Structures are given as structure tokens and as C-alpha cells.
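>>> Quick one: sequence and predicted model below, then my questions.
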Amino acid sequence: MKYSIWTLVFLILACGPDKKYHSSTTGIQVKSSAIKEVIDFQKNLNATFKNPETSPLPDRYRKDFEGLDFFEPDTNYIVRAKFERTPDAIPFLLATTTDEKTEEVVYGIAHFQLNGIKHKLEIYQTLDLMDTEEYKDYLFLPFLDETNGTETYGGGRYIDLTIPEGDTILIDFNRAYNPYCVYNKKYSCPLVPRQNYLRTNMRAGVKAFNRD
């Protein structure tokens with residue numbers, strides 16, 4: 001995870017009445033591919049948590065770790081959002097769970113509809129990372145939703161994104177993960193800005209961590 005230290009569903013085109021079967025098959029293939037990518041993401045994240053070199057888990061949790069608790073993969077939570085770039089945005093300091101602050105800038109705003117509701121989310125670029133080759137295209141999406149404190153971590157979750165080429169951006173909420181400070185208090189994690197609160201139940205991605 002890019003924030004470990006703070007820690008496609010494309011359009012399915014109709015092919016006409018004489019190609020109905022072909023169109024249906026294509027839709028199934030696209031959906032299956034998206035689900036496989038989510039499952040691969042979950043496997044990779046679990047592998048990171050099992051590896052003592054990369055895991056945020058203290059030894060007492062990692063030795064019995066079998067896997068994170070995820071919502072079932074759901075392509076309804078993969079959205080292609082309109083991406084409004086904000087080149088004139090002023091950098092700001094984002095508070096964290098410790099005394100540290102991270103310098104961020106709003107790189108753009110994502111507009112989309114989900115669960116019958118229109119939403120918008122600010123997407124950030126971390127200025128400390130943008131000059132590094134590895135993270136030069138990295139964008140940070142923290143968000144809150146109505147599952148927080150019950151099904152998911154109360155402080156919200158994160159999604160890692162890449163700067164898109166056009167005016168849309170693909171957001172897969174199945175890839176939402178918890179800040180590393182959920183697992184270990186030694187980490188400093190950015191707090192989710194209140195404007196990134198989604199007034200819906202985002203039942204996708206990683207669930208709350210059970211220490212029992």
C-alpha cells in the first residue's frame with residue numbers, strides 16, 4: 001500500500017438483435033475479468049500481511065493471521081467517474097493520527113453515481129511523493145461512508161489510484177483498504193477529510209479488523 005507508512009467494467013456495446021448471444025457473452029467475460037482482478041488484489045494484500053517483512057501486523061497478530069475480512073467482490077462498486085482536474089488548488093497540510101502532517105493538494109474531483117445517489121470525492125496528490133519516480137503518477141483517495149464504525153473501520157478507508165490520461169477515472173471500491181494504524185499504532189495515518197464522506201453504505205473492500 002502506498003500509505004503503509006501513514007499508511008473493467010467498460011461499456012458493453014449492443015451488437016444488434018442478430019448478435020444478442022455474442023453481446024451477452026462479452027458482458028459475462030468483462031464481469032468475470034473484473035472479479036478476478038479483485039480476487040487477485042485480495043490475495044496480494046493477504047500475502048503482504050502474512051510476510052513479516054511487509055506486514056503492518058504486530059507479531060502477536062501475524063502468527064495466527066489467516067486473511068483479512070473482505071466484502072464479496074461486486075462489480076457494482078466499480079465506477080467510471082467524471083474527473084474534474086483542479087490545477088489551481090492550493091496545497092494544504094492534512095492531519096494524521098499522530099502529530100505528523102502530510103502535504104497534499106487536491107489533484108481533481110471525481111463525480112459519479114452509486115446506489116442511486118450522486119457523489120463527489122476529492123482525490124489528492126501527496127507532494128512528498130510526487131518527485132519520486134515510483135510515485136510520480138500516484139493519487140490518494142481517502143473516504144468515509146455509512147458502514148464506518150459498524151462493518152468497517154470508523155476512521156474510513158483508502159484507495160490507491162493512478163493519474164488518468166483523460167477526463168474520467170476508474171475507481172474500484174473493492175480495493176478499499178484500512179489505514180495501517182488500524183493494525184499497529186506505530187503508523188501515522190492521514191485522517192479522511194469530512195468532505196469525502198459518502199452518504200451510502202459502501203459494502204466493498206476490506207471490513208473492520210477483528211483482533212480476537
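Looks like it came in fine.
>>> quick check, Phe112 in a strand?
Yes: assessed by DSSP: H, G, I helix; E, B strand; the rest coil, Phe112 belongs to a strand.
>>> Show the pLDDT at it.
Note for Phe112: predicted pLDDT of 98.
>>> Look up how far Lys31 lies from the closest residue to it other than its chain neighbours.
Nearest non-adjacent residue to Phe112, counting by CB to CB, 6 or more residues apart in numbering: Ala81, 3.8 Å away. Bear in mind the C-beta positions are built from the backbone N, C-alpha and C, glycine included. Here the criterion is CB to CB, to the nearest Å. By it, Ala81 lies 19 Å from Lys31.
>>> ok, these two, which is more surrounded?
For Ala81 versus Lys31, neighbours defined as other CB atoms under 10 Å are more numerous around Ala81 (22 against 14).
>>> if we can go back for a sec, partners of the residue nearest to Phe112 in the sheet?
In this structure, Ala81 bridges to Ile169 when assessed by DSSP bridges.
>>> Next, the distance between the ends of stretch 87-106.
8 Å (CA to CA, to the nearest Å).
>>> Tell me where the chain has strands.
78-85, 92-95, 101-114, 117-126, 138-143, 157-162, 168-172 (DSSP state E).
>>> so what secondary structure elements neighbour the longest one?
So the one you mean is strand 101-114. strand 78-85, strand 92-95, strand 117-126, strand 138-143, strand 168-172 (3 or more CB pairs under 8 Å, 6 or more residues apart in numbering; DSSP states H and E).
>>> Which one, of these, ends up nearest to Arg62?
Closest approach to Arg62 among the helices and strands packed on strand 101-114 (CB to CB): strand 138-143, 25.0 Å.
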